[in-house]
Structures are given as C-alpha cells and as structure tokens.
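# here is my input, please return the structure:
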Amino acid sequence: MNYENEKQVKDTLNMIERRSFLKQSMLGMGGAALAGLIGPQAFAHNLIRNSLTPKAKRVIMIFLAGGLSQFETFDEKPLLNKRRGEQIPESVRKGGVTSAITERQGNLAVVGSPFKFEKRGESGMNISELFPHIAKHADDLTLIRTLQTDHVLHEAAVTTVFTGTPLLGRPSWGAWVAYALGSANKNLPEFTVLLSNGERLSPLHPRLWHSGFLPGRYQGVRLRGGKDPVLFVNNPPGVDKESRARVLESIAAINKIEAEETHDPRILTRMRAYELAGRMQSSVPELADLSKESKKTLENYGAAPGKTTFANNCLLARRLAERDVRFIQVCDGGWDHHRNLPRVLPRKTKQIDQPIGALLTDLKERGLLDDTIVMVMGEFGRASVCEGGLTYDRYGRDHNGRIGSCLVTGGGFKGGLTYGTTDDWGWDVAENPVHINALQGTVLHQLGLDYQKLVTRHQGRDFRLTDVKGCVVKELLA
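The predicted structure is shown next:
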C-alpha cells in the first residue's frame, strides 16, 4: 500500500488485528506478489527439494475404502486352505488380536481363499484370478504385501493413510503434494477427487482431501459426473456470461480492498478460488466430456459418458494426468467385507479390474506411466481368521492393520517386484514391513521432495505429511 504520511500509516496499522499483522509481516502481500513473479513451482513455504531429479510429476491414488482382502487377491496362503476351520495357534498369535468384533465371537478359525492364483508375467508375480486385466501388467507393478497402518478401526486407519496420522485436522496427502509442487495447469486445480459408490456403501468425508492448516487453495476439488462436474462453477440459470463477469469483477475489487486492509491470507485464497473458477468454466466441461473419447477407449474402460462410475473415473483420471494435474484421488466404496466375502468380492473386483487395467495400458501407450505414480490400496488388510459362519461360499474377514497389500507402478518404482513377506498363517509380517508413512515418504522422494523437509509451521510446531515417522524404501525403486 502507498501511504502519504506517518499519521495514515498509524491509522491503517490500528485497523489490522495484531495477530494477523505479526503473521503476515514476513510474507504479506509482497510475498504473494513474489510468488506470482517467480512462479508457483518455485514458491512453497519452507520447502527444500532433493538434489535428485524428480522421477515423477504426478500421482493417481486409487483408494478402495473399507479394506481389500489380500488373501483372495495378492497374498496366497495355501496353509489356510489346508488347515481350514482350525483355530489359529497361540504360538502364531502371541496374544495378539484383530479387533473386538472377532474376539467376541470366541472362534478364531482360519479360512483360505476359494479363488485360484497364477504366476503372471516374466516376473512370476502371484495374482488372483479375480484380477485378469491388472495381472497383464505384472511386470510393471510393484506389489507390496506388508503395508501397515497400525490401526484396525476405519476412522483411524483411513485418516492415517490420507494425512499420515490418526489425529484429525492435518493436511491430506494430495494437499501436501499440491502445496509443494504448485500448478502445472493454470486452468485446473492441482488436486482433484473422484468418488464412486461412496455415498451408499462407504461414506468418505471431505476431510480426506482437505488442506488442513495449509492454505485453502490446496484443498482437493471434487469432480462429479453429469452436467455439473464442479458445483457452482457454471453460471446459474438466467445469468448470462456478461452479467456474471460484472459480478465477479465487483467481488474481486471488494476482496482486494479487504486484503489490503487486513492482510488476511484467507482473502487471497478466496480471490484465487474465484479466478480459478472462472478459468474452469471453459476447461472443466471439455475435460469431463467423455463422449469425445473413441468407442474403443470407452469399451476398454467399460465407461459410459454421463454417469458416475469407477470406470468413468479411471478414464477421467487419465484425462487429468494428461493435463498435468498433480494429485488425482480416485476413491471407491464398498470394500468392507465382514460377511459373504466369496459372493460379494468378485462383484467388486469386476468393477475395478478392467478400468484399472485400461488405465495402466492407456498411460503406458501415451508415455505417461514413466512420470506418473499409480497406487491401488485400502486403509488396511483383512484377517486370516473367519468372521461369522464358515461355509464354502459364506465367510467374512475382520480388519487387520498389521498387513495389507498395495500395488504401485510408474514414476520410477521397480516393475515386477514383490516386496515383503507375511507368515504362513497370514497373521503378521515375516519380512520387510512397509509402514504407510514409509510409502508416503517414498512417493514424495520420487516427486523430487524431501519428506523430512517438506514442512510447515502451525501453532508453534513444524508439521509434515509423515509426522515424526517415515523413510524412503529404496528397495522399491528402479
């Protein structure tokens, strides 16, 4: 601001809340202007990058809410079929439990999988018959069989996967990546979210893509199916483009005055949101129009334009990756199988197998897989003991935070690698555990970021995605 005399300076400073002034004196409007001059990729609070060249530019995180059972999909346990119905030995349990649900039933009989496994690709990766399309990419996949989240409750485990800690209020994984790397496409958000089967089967709370105490501009933007992919971006009925432009210009002018008077960073966030929304009015409809894809592409994914399905979301994820969106979060609900697992699981795997296989094929053919990290995971694995009644086609599995399977590919991860071993009873890790904080640190590393130095100060303490844990699992990298 320009001041004509000392009295005007004092009068203006009296208008500024003391806490806001102290907070903004380091960065303030000058910092925001500097960010605009040097570019968003070069300006991130307290960010120090690795000296290594980034191997990846973006992430597609496919999250299966509820917890995918590894024993029917990626971690075959012949012993469980051989000893079906027997109580798991105390020497294996060592006093450990799964959750109170299984403990209350007073029966810890083990149960194997009715589905066949087969060695796939030159690497011989052992994958279930439930994933024939994904299995075609075995030599490009990193299969982690020992992913740990430390928690058996959905709330704590999901929050840890997305924010690095079970405590509420922290920024999500995608928000950290957006904060660190900035935008590579000024017409789209850095961080987008796509949901399927979430409202009815496994509700997913918006805090899982929230920015926490990072600036609000890094919060994930949800894209929906139908005529309005992003709510409130299109002009309301009866409002033409010119009228809307005049309203936005007036709002921008008011926001600018308020920002200059208060130095409130939330106002800057609001101004950027309006500006981005204006640009998205033209970019999002074109992005979300899947009818422009070829008939063959739609068939490959099993996609149907105009609907909100997992297949559509996978195709939309590829379109977002093409447009250099930094973090694309694809969430699918309905994976919490406490009952009737042999009947329910094949229906769910059929929904995701073809679209994920098509997405991997598409990314590879377009040269995007080299610099795109794709992850497929749930919040935890399942227990090897049976929950509920045990028959050939009816049984369930409780939660297991000690072991779960996760697929990672692209972005410099080692293809054809199966990492980590679980014990023969499927109770715990036998070799090479990978904590979720270690996976987070490794993904950040591949993006060219030091997970220990990507921090921001909040309420007197430095915070990072992995909190006080984390590492880089170099064995997973090519």
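
# C-alpha from now on. contacts and neighbour counts both.
Noted.

# just give the nearest non-adjacent residue to Pro433, would you?
For Pro433, the nearest residue in space outside its immediate sequence neighbours is Thr146; the separation is 5.0 Å by CA to CA, 6 or more residues apart in numbering.

# just the pLDDT at that neighbour, thanks.
Looking at Thr146, its pLDDT stands at 98.

# and His338, by the same measure?
92.

# any buried residues in stretch 428-442, and which?
Within stretch 428-442, the residues that count as buried by 16 or more other CA atoms under 10 Å are 428-429, 432-442.

# my bad, should have said stretch 73-82
Thr73, Phe74, Asp75, Glu76, Lys77, Leu80.

# span of that stretch from start to end?
18 Å (CA to CA, to the nearest Å).

# count the residues that sit near the closest residue to Arg402 other than its chain neighbours.
Distances taken as CA to CA, 6+ apart put Gln148 closest to Arg402, at 5.1 Å, once the chain neighbours are dropped. Using other CA atoms under 10 Å, Gln148 has 26 other residues around it.

# can you give me the helices for the stretch 101-250 of the chain?
Chain-ordered helices for the stretch 101-250 of the chain, with DSSP state H, counting those that start in this stretch as the definition, fall at 132-135, 154-163, 173-181, 241-262.

# quick one: the second one to helix 173-181, angle?
Okay, so that is helix 154-163. 20 degrees (axes from the mean of the first three to the mean of the last three CA atoms, to 10 degrees).

# cool, and the last one?
Orientation check (the same axes, to 10 degrees): helix 241-262 against helix 173-181 gives 80 degrees.

# buried stuff in helix 241-262?
Leu248, Ala252, Asn255, Ala259, Glu260, Thr262.

# wait, isn't Leu141 in contact with Tyr419?
No - the criterion here is CA atoms under 8 Å, and Leu141 misses it with Tyr419 at 10.8 Å.

# which of these two has more residues huddled nearby?
A count of neighbours by other CA under 10 Å puts Leu141 above the other of Leu141 and Tyr419, at 26 against 19.

# now do the contacts for the more buried one.
Taking CA atoms under 8 Å, 6 or more residues apart in numbering as the criterion, Leu141 is in contact with Leu407, Val408, Thr409, Gly410, Lys414, Gly415, Gly416, Leu417.

# out of those, who's the most crowded?
Gly410 (26 neighbours).

# how much space separates it from Met377?
15 Å.

# same deal with Phe463?
Taken as CA to CA, the span from Phe463 to Met377 is 25 Å.

# who has more neighbours, those two?
Met377 (22 against 19).

# burial count for the nearest residue to the more buried one once chain neighbours are set aside?
Take Met377 and drop its neighbours on the chain: the residue closest to it by CA to CA, 6+ apart is Cys406, 4.9 Å away. Cys406 is flanked by 24 other residues according to other CA under 10 Å.

# bridged to Cys406, which residues?
Ile144 (DSSP bridges).

# contacting residues for it?
Neighbours of Cys406 in contact, by CA under 8 Å, 6+ apart: Leu143, Ile144, Arg145, Leu147, Met375, Val376, Met377, Gly378.

# among those, which one has the most neighbours?
Neighbour max across those (other CA under 10 Å) = Leu147, 29 neighbours.

# what strand or helix carries Val376?
strand 372-377 (DSSP states H and E).

# got a list of contacts for that strand?
Contacts of strand 372-377 (CA under 8 Å, 6+ apart): 56-64, 67-68, 321, 405-411, 443.

# in strands only, show me those residues.
By the criterion of DSSP state E, membership of these in strands covers Arg58, Val59, Ile60, Met61, Ile62, Phe63, Leu64, Cys406, Leu407, Val408, Thr409.

# quick check, nearest of these to Gly124?
Leu407 (15.2 Å; CA to CA).

# any stretches of this structure with poor pLDDT?
Applying pLDDT under 70 to the chain flags residues 1-52, 97-103, 198-203, 225-235, 244, 270-271, 273-283.

# find the nearest non-adjacent residue to Lys469, please.
Here the residue nearest Lys469, using CA to CA, 6+ apart, is Asn437, at 6.3 Å.

# the one you found: what secondary structure?
Counting by DSSP: H, G, I helix; E, B strand; the rest coil, the backbone at Asn437 sits in helix.

# now do it against Leu167, distance only.
From Asn437 to Leu167 the distance is 14 Å (CA to CA).

# and for Arg397?
The value you get for Arg397 to Leu167, if CA to CA is used, is 26 Å.

# of these two, who's got more company?
Arg397 (25 against 11).

# the more buried one reaches Phe380, doesn't it?
No - under the criterion of CA under 8 Å, Arg397 is not in contact with Phe380, lying 11.9 Å apart.

# surely Ile352 forms part of a helix?
Yes - counting by three-state DSSP, Ile352 is part of a helix.
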